[in-house]
Each structure stands twice: as structure tokens, then as C-alpha cells.
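Asks: Sequence plus predicted model, see below.
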Number of protein chains: 2
Amino acid sequence: MNAPQGRHGPETRHRILDAAESLFMEHGLDATSMRMITATAGVNLAAVNYHFGSKDSLIHEVFQRRLSELNRQRLAALDRVEREADARGSKVKPSQVLEAYFAPALQLATDTEHGGRTFMQLLGRTYTEPNAFVRKFLAEEYAETLERFLAALYASLPGVPRGEILWRFHFMMGATSYAIAGTDALQLFAGHFDDEDPARMLPRLMSFLLGGLRAPLPDFDDAA
Amino acid sequence: MNAPQGRHGPETRHRILDAAESLFMEHGLDATSMRMITATAGVNLAAVNYHFGSKDSLIHEVFQRRLSELNRQRLAALDRVEREADARGSKVKPSQVLEAYFAPALQLATDTEHGGRTFMQLLGRTYTEPNAFVRKFLAEEYAETLERFLAALYASLPGVPRGEILWRFHFMMGATSYAIAGTDALQLFAGHFDDEDPARMLPRLMSFLLGGLRAPLPDFDDAA
DNA sequence: TTAGAATTCAAACAAACGTTTGAATTAGTT
DNA sequence: AACTAATTCAAACGTTTGTTTGAATTCTAA
């Protein structure tokens, strides 16, 4: 509805989106000004407001363009393993649910050619973004995906309290976020990491996540 | 060196630090203005620059006042378990190292009376802060603590490749960060969580972390 | 070739930002 | 009571922010 059908329009739009994505990753949402974006994209300052309406709308589109595709892949992967399980008359395993959710994210994070890695680092930081506007559309964007994966996870772990599964899924998202942010996240680990082969990240992370998910349930030993 | 020995000074300083901490948590570092801070603290706009010099210095002190105490507790806890192990001629267990590191953080996060919870939520978000100035002093503040805990973790897991331990510790920090951010982090899980008893968080998280740490090493199966 | 819509552009807008100033006020010391 | 240093205060500083304006330009279609 906002997309102009003009001539040079689409090109300018893409240049702005790419520049914004990269700058948002490097400096954060607030600290990235319209002038930084338009200068990097090589377009006029007014171009953002002309093509997107406002800075908030630009932020929205930067996230939506990648997120809708990512969650589409996640749901497709979940569909696939559920169909396979149905076909052989068995149930989906927890590890399959986790892989359907986290593997597409990890794979996108290894794509340095088309900005996938840049976006995933930005996304990892945005989970804790205080900006109310950003939180709102992120929640909307994730609603369906999260609903489906939680249901699948519950079904794959009968007998385990849903509250515990929910918390562990939350923990897993945190671990994955840090995995993607990687060494760059903070110079805390500067000088410690050396193996940076991104292909090794998926098995490395999946081992950890599965170990955490399958850990013995905590003993709260409250005297209630 | 910057602390004034005036009369009403200390009171004003505390009021500013508390207001800043709370607002930084709610709106983020950049989106919190000096005018918001001084209005909340009930002091004059110029008071921040008078007492702290600049907004950056104020940010620095907000973090340092809590972090130095937190890391002091962590190192004290590590000293304790290492002394106990020495006394009985055995080695420190991985679970003891983890508890020495994560328990003080979780405990601080349950303190809603004196702003501990507020600060820990702020800290969780700040691990991925792009602001170069913040990243720098956070790395400095953590350097010694991280060095000691990594060494202890390596010693407690002989035979396990250090690179794998390092990554898993990184993952654990991510999980803990999300655990502390909790339900508030994003409305993603809105309506799902119900058990919010903070006392249950430590055993819940420790089970998960230990399960992840002790998971089988990943099989990279690369055909190199 | 001309009409017309889409896009770009330089310039300016008001608002908010962190910081500085210099005078007024406060409180402890002599 | 007089002096001195610390602190508070209202006001203003120059910059930067996101956004808007209206004219210039570009390209398509008739």
C-alpha cells in the first residue's frame, strides 16, 4: 500500500533498507540518524520520508523483510518433520522441533554475502530493545510461529510440566542469541575465541540446547 | 577523585544514580535524556554535569556501583569452593563453578527492594549494547572475573577442549541473561508465563545450564 | 511533443539534545 | 557576624534530531 510504482523507486528503497540494516547493527536504532542512513545509501535526506513515511516505518520494514521469510522457513521445517512423523506413525522428537526452529536462524546468520549475518546480529540485540514500537511489531511478527512451536514442543515432551518447557525454550533463545552475536557482542571474550567456523556453530549449539532441554527437572525443595 | 565532599552532595548523587538506573532500564541509554533523569530525581538539570561531569560518566557510575560488588561476590564464592576443595584434597566440580558465577547474579536479580532487579535487567540488555564507550568499560570491569572463572572451569573439566567450554560458557551467559530479563523482556511470551516466583529461578536455570554444559560434545563430521 | 505523475533535491522547520554559564543560595569555619 | 567553599538554579549555548516544503528533475504515456 505504501510501495510506489515509480521508476527509480525500488532501487532507492533497497539501497536505504540495506544501509539502514547495516547501520542499525553497528550503532543501534536510536544512534543511527536519518542523515547517516541516506549518506551511506547515497540518496537524498528526504528519500526515507518519501519512500517509507517515517523512521519508525523504515525500522519496521527492515525487520519485516527478513523476519517474515525466516519464520516462513521455520514453519515449513516444522510442517515437514510433522508430516514425516505422521507418515511413519510416530511422534516428532524434541530435537526435531528445536532444529526446525533454530537451524534456519543459524543458517541465515552464516550468510555474509547478502547481509543475513548482519541482520541476525541486529535481531539478537533487538530482543531486549526497550522501544515500545519495536517490541509491539516483533511480538506480532512472532505470535503465530511461537504458538505453533510451543505446541509442538509440549506434544513432544508429554508429562513434562509446560511451565518448565516454556522456561527452557526461553533459555534456549537466550543461548542462541548469544551464539549468533558471537565474539562481536562484547569484547569480554576478546582473545579467547579462535575457532570461528560458522558451519560448526549449529552442531555446537544443538548439543548444548538438547542437553539443557533434557536435563533433570529442578528440585525446588520448598517447604510449602 | 571526582567525589565531592560537600554537604548535600551525596544525597543528590544517589538520587540521580537511582533515577538514571531505573530510566535506563525502562527506555534504554540513548533514549533517556538528562532532563528525564533530573526531573525524576527532583534535582536541577545542571546537577548531573556538576556531580558526574557528563552523561557518559554517569552511565559509567551507574554500572560500576553495582558491578564491582557483584563481581566481588562472585570471586569470593569461587575462593570459597576452591578452599573447600583444597581442604578435602579434591577438585572443584563444574556445578560449583557455575553456581559461584550465576547464583550471585540471580540473587541480585530477585532484590526488588533496592533496585537490584532493575539493574540486572538493564545489565542483561547492555551485553549487546553497541555504544563503544559502554562496551569498553564493561570489558574492563569483567576482565579479571572472567579470567578466573574460565581457568576454574577449564580445571574442572580436564580433557574437554577449551574452545567448547568457552562457547558453552558463552551460551550459558545468554540463557542467564534471558532468565533475568524474564517475561518483561519481550511480550513474545505474554500470557504464557504464570509461575513468576523468583526463588525458583536459580534451581530452574542451574538444571538447564548444567545439562547444557555436560551434553555430549558435538560431532562436526566435516570431511576435512 | 506535450501533459502529467513520480522522484529527487536543497533548504528550512521546530523540537530536543548535552553542556555551559554566572548569579543566587546554602552551610560549615574562623 | 564575616568569610569561604560547595551546591543549586534559571537561562541560554550551539548542535543535532526527524520531518516538511516547494521547486527542479526525470521518465512514461498519450
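Replies: Cool, got the structure. Residues are numbered from 1 along each chain as shown, chains lettered A, B, ... in the order given.
Asks: what does chain A put close to DNA strand D?
Replies: A:7-8, A:32-36, A:45-46, A:48-49, A:54-56 (CB under 7 Å from any atom of the strand). To be clear about C-beta, it is placed using only N, CA and C from the backbone, and glycine gets the same treatment.
Asks: Buried only: go through these for me.
Replies: Neighbour counting over those (16 or more other CB atoms under 10 Å in any protein chain shown) leaves A:T32, A:M34, A:V48, A:K55 as the buried ones.
Asks: residues touching the second one, list them.
Replies: Read that as A:M34. A:L45, A:V48, A:N49, A:K55 (CB atoms under 8 Å, 6 or more residues apart in numbering or on different chains).
Asks: can I get those in TSV with pLDDT, secondary structure and distance to B:L213?
Replies: Output for the contacts of A:M34, formatted as TSV (pLDDT from 0 to 100; DSSP: H, G, I helix; E, B strand; the rest coil; distance: CB to CB, whole Å):
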residue	pLDDT	secondary structure	distance to B:L213
A:L45	98	coil	51
A:V48	98	helix	46
A:N49	98	helix	50
A:K55	98	helix	43
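Asks: how about those residues, which pair is most distant?
Replies: Taking CB to CB as the measure, those reach their widest spread between A:L45 and A:K55, a distance of 11.8 Å.
Asks: low-scoring pLDDT stretches of chain A, where are they?
Replies: A:1-9, A:183-187, A:190-191, A:195-196, A:222-224 (pLDDT under 70).
Asks: How about the backbone phi and psi for A:G89?
Replies: With angles defined as degrees, to the nearest 10, A:G89 sits at phi 70, psi 20.
Asks: Give me the secondary structure label for A:A31.
Replies: coil (DSSP: H, G, I helix; E, B strand; the rest coil).
Asks: All the strands of chain A, residue numbers only.
Replies: Per DSSP state E, chain A has no strands. Nothing in it meets that criterion.
Asks: would you list every one of the helices in it?
Replies: Ranges of helices in chain A, per DSSP state H, are A:9-27, A:34-41, A:47-52, A:55-87, A:94-109, A:116-126, A:132-156, A:162-181, A:201-213.
Asks: in the first one, what's buried?
Replies: Residues of helix A:9-27 classed as buried under the neighbour-count rule (16+ other CB under 10 Å) are A:12-13, A:15-25, A:27.
Asks: So which elements touch it?
Replies: helix A:34-41, helix A:47-52, helix A:55-87, helix A:116-126 (3 or more CB pairs under 8 Å, 6 or more residues apart in numbering or on different chains; DSSP states H and E).
Asks: how about the ones you listed, which one is nearest A:D194?
Replies: helix A:116-126 (18.8 Å).
Asks: Pull that closest one out as PDB, backbone CA atoms only.
Replies: Output of helix A:116-126 as PDB, limited to C-alpha atoms (Å, rounded to 0.1, in the frame of the first residue of the first chain):
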ATOM      1  CA  GLY A 116      21.900 -12.300   6.700                       C
ATOM      2  CA  ARG A 117      24.600 -12.300   9.400                       C
ATOM      3  CA  THR A 118      24.300  -8.600   9.800                       C
ATOM      4  CA  PHE A 119      20.600  -8.900  10.300                       C
ATOM      5  CA  MET A 120      20.700 -11.700  12.800                       C
ATOM      6  CA  GLN A 121      23.200  -9.800  14.900                       C
ATOM      7  CA  LEU A 122      20.800  -6.900  14.800                       C
ATOM      8  CA  LEU A 123      17.900  -9.100  15.700                       C
ATOM      9  CA  GLY A 124      19.700 -10.700  18.600                       C
ATOM     10  CA  ARG A 125      20.100  -7.300  20.100                       C
ATOM     11  CA  THR A 126      16.600  -6.200  19.400                       C
END
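Asks: Now do it against helix A:162-181, angle only.
Replies: Computed by axes from the mean of the first three to the mean of the last three CA atoms, to 10 degrees, the angle separating helix A:116-126 from helix A:162-181 equals 130 degrees.
Asks: Give the full set of residues in contact with A:Q73.
Replies: Per CB under 8 Å, 6+ apart, neighbours of A:Q73: A:P104.
Asks: again but with A:D221, I slipped
Replies: Residues in contact with A:D221 (CB under 8 Å, 6+ apart) are B:P203.
Asks: Against DNA strand D, how distant is it?
Replies: From A:D221 over to DNA strand D the distance is 49 Å, taken as CB to the nearest atom of the strand, to the nearest Å.
Asks: how far away is that residue from B:L202?
Replies: Separation of A:D221 from B:L202 (CB to CB, to the nearest Å): 12 Å.
Asks: Which one of the helices and strands packed on helix A:9-27 lies nearest to B:A109?
Replies: helix A:116-126 (20.3 Å).
Asks: Remind me what the closest one packs against, helices and strands.
Replies: Contacts defined by 3+ CB pairs under 8 Å, 6+ apart place helix A:116-126 against helix A:9-27, helix A:55-87, helix A:94-109, helix A:162-181.
Asks: Next, the residues that contact that helix from outside, please.
Replies: A:21-22, A:24-25, A:28-29, A:63, A:66-67, A:105, A:108-111, A:134, A:138, A:177-178, A:180-182, A:184-185, B:128, B:130.
Asks: If you count neighbours, what's buried in it?
Replies: Buried residues in helix A:116-126 (16+ other CB under 10 Å): A:G116, A:R117, A:T118, A:F119, A:M120, A:Q121, A:L122, A:L123, A:G124, A:R125, A:T126.
Asks: From the residues you listed, pick the one nearest B:L209.
Replies: B:L209 lies nearest to A:G124 out of those, by CB to CB, at 19.4 Å.
Asks: ok, that closest one to A:R117 distance?
Replies: On the measure of CB to CB, A:G124 and A:R117 end up 11 Å apart.
Asks: My guess is A:A85 contacts A:K91. True?
Replies: Yes - between A:A85 and A:K91 there is a contact at 5.8 Å, judged by CB atoms under 8 Å.
Asks: tell me the contacts of A:S207?
Replies: When contacts are counted by CB under 8 Å, 6+ apart, A:S207 touches B:A215, B:P216, B:L217, B:P218.
Asks: Keep the residues you listed, but drop any that are not near chain A.
Replies: B:A215, B:P216, B:L217, B:P218 (CB under 8 Å from any CB of the partner chain).
Asks: Next, count neighbours for the second one.
Replies: By other CB atoms under 10 Å in any protein chain shown, 8 other residues sit near B:P216.
Asks: which residues touch it?
Replies: Counted by CB under 8 Å, 6+ apart, B:P216 has contacts A:S207, A:G211.
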